[in-house]
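Engineer: My questions concern the predicted model and sequence given below.
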Amino acid sequence: MTAIDHDFGTPRSAGTLDWLWSLPRRLAGGTARPARAIPEHAPLLLEQPVAPSFHRAADPDPVPDDASRPLSMGAMATPLKPISLRRDSIYSAFSTAMPVTDRHGLAGRNTELEKLVEAIVVQRKHAIIFGTRGSGKTSLARVFGDLADESGCVALYGSASGEADFDALFRPFLTELPMSGAGQERARKLAASPLDINGLATLLVEEVRQRSILILDEYDRVRSDTAKQDVATLLKLLTDIHSPVQVVLVGIAGDVDGLIAAHPSLRRHIAPQRVSPIARPELELLLASCGDKAGLSITPEAVEALAGAAMGSPYHARLFGMQAALVTEAGGREQVTAGDVEQGLASALYDWAEMSSASHGLFTRALRDSASGRRMIALAGIVASQMSAISLERLLRVGSDILGEYPGMEADASDALARLEPALTPTPGGELWMFEDTLAPQFLLLMAKQPAPRTVAPTPAEEMRAMLRGVDGL
């Protein structure tokens, strides 16, 4: 390597040492070897195409050591295999990272959309959209916003943060509301200091010139009880004074109380919209549509396996479908099979375990240590995925319908909930429980379907103790 004026090499003066180092070459009749140097105008071969292969092309004729060598990006590393266009289309078609913004991509939510339009646009109620993570709440809210725009309203979308107070929640909407010049000036004066409830409510009633809907997403992240109470008070004021502005709150919750501390008189002016698991046929249509966009077909057996594993969750259907499609693409095939789904589910479970090691470890221990109650633990995941929240009563009721009553059922159900308790969080009422990671129930079911280990695996402490055998008498 040649160091170029970056103090990588320590300079030394020419003298006796240089003469001694060159002595063997001089005695052999050789001449001093010219120094390797980068020429002033070395060409950069950045535009020369590199063969898309892991194998190096045949080397050209060797270049003499004393010849100038151009700088080539292709020589800096082995060329990478080109990214498959189909893989890119798979990621796009089955994307789980971005919410759906097109109503045609929102599968199985026509009933919820109709209810929201009727309640908010027609009846002028506020609304709360709630459900588990990955159920499609944000997608539903965004598509509803498009429909509201088409009906003549102005739908504005915002997202809450954990530290947000009342001012931080509503200040971003002020500059976007349809107001006259006088109204905008009044809004600027109001925004000169922290927003207060009465001042904002008066502004929204007197200055907004067009029906407006404020959609506040991720409202569950707001930790301040004061902020939540202020929002409830604002909604009550806007209702009482017939404001042209409605508010839609969106967040993870098992019920309305999980998002808002609403006064009883306000509840009749709020439309609750639970985002429940979508029906099996709609989920299968979603998977087939994603496959078409990716240029792949999916066998009926593969669709059935994916829909069953997703348990009504569009997020999990896309995630599992994407992993299965990647297996198909890697095999150079055009059709996703049941075998591809099996490998894809294993890959999805592995990725989730890496990201959620605490929950995965808890589920592993629960399923391992309760061999006779594995199906009850799996049923707890199914109940949580279908009902948002779980309780002993719900688990026993569903267990009686699905498994049939048997001696020891209540003991198994109690044991299952006790083992899963560290992964659960109580709802505001305290009678129901939700998985803290609301994406976890589907993965719990995948784990429960794996064969139970024949022997109990040693704990990390036992493995370390085995390593210490022979030290100080151990």
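Structural biologist: On my side now, so go ahead. Numbering: from 1, shown residues only.

Engineer: How about stretch 306-317, which residues are buried there?
Structural biologist: 306-307, 309-317 (16 or more other Cβ atoms under 10 Å). Any C-beta I mention is one placed from the backbone N, CA and C, and that applies to glycine too.

Engineer: Which members of those occur in helices, if any?
Structural biologist: Among the buried residues of stretch 306-317, the ones falling in helices (DSSP state H) are 306-307, 309-310, 314-317.

Engineer: Tell me the one of these nearest G134?
Structural biologist: Closest approach between these and G134, by Cβ to Cβ: Y315, at 3.0 Å.

Engineer: my guess is the closest one contacts G134, does it?
Structural biologist: Yes. Judged on Cβ atoms under 8 Å, Y315 makes contact with G134 at a distance of 3.0 Å.

Engineer: Identify the contacts common to the two.
Structural biologist: 96, 439 (Cβ atoms under 8 Å, 6 or more residues apart in numbering).

Engineer: ok but L156 is inside a helix, no?
Structural biologist: No. Counting by DSSP: H, G, I helix; E, B strand; the rest coil, L156 is not part of a helix but strand.

Engineer: for this structure, which strand is longest?
Structural biologist: strand 245-252 (DSSP state E).

Engineer: Neighbouring strands - and their directions - for that one?
Structural biologist: Here strand 245-252 has these sheet partners by DSSP bridges: strand 126-131 (parallel), strand 212-217 (parallel).

Engineer: Take these and write them to CSV, including distance to S372.
Structural biologist: CSV is the format used below for the strands paired with strand 245-252 (distance: least, Cβ to Cβ, whole Å):
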stretch, distance to S372
strand 126-131, 33
strand 212-217, 43
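
Engineer: Nearest to A348, out of those strands?
Structural biologist: strand 126-131 (21.1 Å).

Engineer: next one: the closest one to chain centre, how far?
Structural biologist: On the basis of Cα atoms, centre = their mean, to the nearest Å, strand 126-131 is displaced by 20 Å from the centre of the chain it belongs to.

Engineer: Equivalent analysis for stretch 163-177, please.
Structural biologist: For stretch 163-177, the distance to the chain centre is 25 Å (Cα atoms, centre = their mean).

Engineer: State the mean pLDDT of it.
Structural biologist: Average pLDDT, stretch 163-177: 93.

Engineer: And that stretch, end to end?
Structural biologist: 24 Å (Cα to Cα, to the nearest Å).

Engineer: Could you pull out the strands in the chain for me?
Structural biologist: With DSSP E as the criterion, the chain has strands spanning 126-131, 154-159, 212-217, 245-252, 270-274, 297-298, 335-336, 424-426, 433-435.

Engineer: Which one of the ones you listed lies nearest to V383?
Structural biologist: strand 433-435 (10.4 Å).

Engineer: Now do the closest one: which elements does it pack against?
Structural biologist: helix 374-387, strand 424-426 (3 or more Cβ pairs under 8 Å, 6 or more residues apart in numbering; DSSP states H and E).

Engineer: outside of it, which residues touch it?
Structural biologist: Under Cβ under 8 Å, 6+ apart, the answer for strand 433-435 is 132, 254, 381, 384, 388-391, 417, 421, 423-427, 441.

Engineer: check contacts around G183.
Structural biologist: G183 touches 177, 203, 206-209, counting by Cβ under 8 Å, 6+ apart.

Engineer: Next, work out how far apart it and L439 are.
Structural biologist: To L439, G183 is 43 Å away according to Cβ to Cβ, to the nearest Å.

Engineer: Please report how far M464 lies from L445.
Structural biologist: 32 Å.

Engineer: between the two, who's got more neighbours?
Structural biologist: Shown here are M464 and L445; by other Cβ atoms under 10 Å, L445 has more neighbours (20 against 10).

Engineer: just to revisit the earlier point, could you point out which of the strands paired with strand 245-252 sits nearest W352?
Structural biologist: That would be strand 126-131 among the strands paired with strand 245-252, by Cβ to Cβ, at 19.7 Å.

Engineer: so for that closest one, what's the average pLDDT?
Structural biologist: For strand 126-131, the per-residue pLDDT averages 91.

Engineer: Show me the contact partners of that strand.
Structural biologist: Against strand 126-131 from outside (Cβ under 8 Å, 6+ apart): 116, 119-120, 137, 140-141, 235, 238-239, 246-256, 258-260, 269-276, 388.

Engineer: Then stretch 440-448?
Structural biologist: Residues outside stretch 440-448 that contact it (Cβ under 8 Å, 6+ apart): 309-311, 313, 316, 345, 348-349, 352-353, 356, 359-360, 363-364, 367, 374-375, 377-378, 380-382, 384-385, 423, 435.

Engineer: same thing with stretch 191-202?
Structural biologist: Contacts of stretch 191-202 (Cβ under 8 Å, 6+ apart): 166-167, 170-171, 174, 190, 230, 233-234, 237-238, 241, 243.

Engineer: of the residues you listed, buried ones?
Structural biologist: Buried subset of the contacts of stretch 191-202 (neighbour count, 16+ other Cβ under 10 Å): 166, 170-171, 174, 190, 230, 233-234, 237-238, 243.

Engineer: K137: neighbour count?
Structural biologist: 25.

Engineer: wait, it sits on V250?
Structural biologist: Yes. Counting by Cβ under 8 Å, K137 does reach V250; the two are 5.3 Å apart.

Engineer: list residues touching both of the two?
Structural biologist: In contact with both K137 and V250: 129-130, 217, using Cβ under 8 Å, 6+ apart.

Engineer: so where's the stretch 201-350 of the chain uncertain?
Structural biologist: 254-255, 258, 261-263 (pLDDT under 70).

Engineer: in it, which spans are helices?
Structural biologist: Applying DSSP state H, counting those that start in this stretch to the stretch 201-350 of the chain gives helices spanning 225-240, 264-267, 280-293, 300-310, 314-330, 338-355.
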